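# sequence first, predicted coordinates after that:
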Amino acid sequence: MVPRYFHLERYPGKYVAIDMATDEVVLTADTPEELHEQILAKGLLNVAVMRAPREDEPLFVGMN
């Protein structure tokens, strides 16, 4: 299995919608609510939503 790489460094601090078929960022927004509205307006179904970390933020990888 090849790890997925979404090039989130292009969108620091933004919420992004990623097309799960192509792994491309298809939408960005400043808040999750804005992104949700954009996804509904475009009728996108097969997207994953996440926040792109800023360069100065530690990467959260789990508990313990």
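Sure thing, it's come through. Numbers count the residues shown, from 1 in each chain.
# please, which helix or strand holds the residue nearest to the spatial centre of the chain?
Among the residues of the chain, the one closest to the centroid is Val16, at 3.0 Å (Cα atoms, centre = their mean). Per DSSP states H and E: Val16 is located in strand 15-19.
# from the chain's centre, how far out does that strand sit?
Between the centre of strand 15-19 and the centre of its chain there are 3 Å (Cα atoms, centre = their mean, to the nearest Å).
# circling back: report pLDDT for the residue nearest to the centre of the chain.
Looking at Val16, its pLDDT reads 97.
# ok, Gln38 to Tyr5 distance?
Between Gln38 and Tyr5 the computed distance is 23 Å (Cβ to Cβ, to the nearest Å). Yep, even glycine has a C-beta here, placed from its N, CA and C like the rest.
# which one's more surrounded, the two?
Counted by other Cβ atoms under 10 Å, Gln38 and Tyr5 do not tie: Gln38 has more neighbours, with 16 against 7.
# OK, contacts around the more buried one?
Ala17, Leu27, Ala29 (Cβ atoms under 8 Å, 6 or more residues apart in numbering).
# same thing with Thr28?
Neighbouring residues of Thr28 by Cβ under 8 Å, 6+ apart: Tyr11, Lys14, Tyr15, Val16, Ala17, Leu35.
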